[in-house]
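1. Let's see this in three dimensions:
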Amino acid sequence: MTSSRSTKMVVIGSGLMGTALARAFAAAGHDVAAWNRTASKARAVGGGTLAFENLVEAVAGRELVVVSLSNYAACSELFASEAVASALAGKTLVQLTSGSPADARGGLEWARAHGVAYLDAAILAYPAFVATDYATVFYAGSRAIYDRHHETLQAIAKNSVYVDEKIGSAATLDCAILEAYYGGTLAVLHAAAMCKAEGLDPKVFFAQKNSFLGLISVTADAAQGMIESNDFSGDQCSLNTHVAAIEHIVRLSMDARISARFPKELLENYKRALSAGLGEQELPAVFRTLKQD
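-> Numbers count the residues shown, from 1 in each chain. Purely as a prediction, here's the structure:
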């Protein structure tokens with residue numbers, strides 16, 4: 001995707017993701033500088049980018065600053081320098097380092113104190129997916145700032161999603177999606193292990209992918225409405241019935257001598273809902289028991 005306007009920008013961080021971001025921006029026609037603690041990594045970005053060894057010089061004269069580091073602590077360490085903070089004043093900083101909503105709030109507090117426009121972002125993609133239809137980037141912060149740079153930011157993901165003014169909202173959505181992904185993936189792998197342990201070829205299970213994905217989709221749709229109305233009543237299948245099904249999974253796992261840790265954790269969470277008197281309600285009623293212990 002080629003932008004109609006070239007933006008002078010710098011990408012801080014030349015790891016796998018930072019390199020992919022810098023190359024995508026450059027390929028879209030932007031004037032891109034790259035900086036990394038290890039200067040050789042910045043030089044290796046290539047793709048039409050200009051490598052800098054000095055961070056202040058890299059930032060100077062740039063309108064947009066995109067950060068992709070290992071964590072927010074590394075970013076805070078860099079920006080603790082008065083010279084760097086002064087160089088960033090008046091610019092827009094897009095934080096693409098993975099972190100928590102609390103990290104995002106801390107970043108915004110620092111930015112406000114130093115006169116820096118700030119967007120917190122989360123990229124849902126592997127580096128190889130940057131600038132493809134498989135990439136999604138969530139943004140949080142000032143809508144006006146996002147709108148100002150939206151065209152430029154689309155170089156790394158056409159599916160650029162503005163989430164909310166709340167600065168932690170992009171990280172929250174990212175963590176929520178990843179939890180569903182990691183939890184679901186572990187469940188799928190454990191299910192395959194159960195099949196194999198019982199002498200059933202796992203490919204028979206994987207062939208039924210649409211069955212369990214369909215159940216998840218239906219439950220998610222139902223849960224949305226129930227959570228909004230705070231009403232988990234229904235006549236489809238009670239929590240008592242679901243708990244009985246999970247008990248079968250735990251027993252199978254133990255009988256087959258595979259790890260039962262995951263289904264036991266599931267069972268514990270669902271039984272907590274029974275203890276709260278929610279046994280006759282629908283599955284999404286577990287939501288009511290997920291406050292911190």
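2. From here on, just use CA atoms for contacts and neighbour counts.
-> Fine.
3. Tell me the spacing between Lys209 and Ala117.
-> Here Lys209 is placed at a distance of 45 Å from Ala117 (C-alpha to C-alpha, to the nearest Å).
4. The two: which is more packed in?
-> Ala117 (20 against 12; other C-alpha atoms under 10 Å).
5. Touching, Ala122 and Val137? I think so.
-> Yes - with contact defined as C-alpha atoms under 8 Å, Ala122 counts as touching Val137 (5.6 Å).
6. Now Gly47. Nearest residue, chain neighbours left out?
-> Leaving out its chain neighbours, the residue that sits closest to Gly47 by C-alpha to C-alpha, 6 or more residues apart in numbering is Arg23, at 5.4 Å.
7. Okay, buried residues for the strand or helix carrying that neighbour please.
-> For Arg23, the enclosing helix or strand under DSSP states H and E is helix 16-27. Buried positions in helix 16-27, judged by neighbour count with 16 or more other C-alpha atoms under 10 Å: Met17, Gly18, Thr19, Ala20, Leu21, Ala22, Arg23, Ala24, Phe25, Ala26, Ala27.
8. Quick one: residues contacting the fifth one.
-> Taking C-alpha atoms under 8 Å, 6 or more residues apart in numbering, we find Leu21 in contact with Val11, Pro127, Val130, Ile156.
9. Lys271 now?
-> By C-alpha under 8 Å, 6+ apart, the contact set of Lys271 is Val243.
10. Then Ala192?
-> Counted by C-alpha under 8 Å, 6+ apart, Ala192 has contacts Pro202, Phe205, Phe206.
11. how deep is the first one tucked in, by neighbour count?
-> When you say that, I think you mean Pro202. 17.
12. so which strand or helix has the closest residue to it other than its chain neighbours?
-> Nearest residue to Pro202, sequence neighbours excluded (C-alpha to C-alpha, 6+ apart): Ala192, at 5.1 Å. Element membership for Ala192, per DSSP H and E: helix 169-197.
13. And the next helix or strand past that helix?
-> Next along the chain after helix 169-197, taking DSSP H and E as the criterion, comes helix 202-206.
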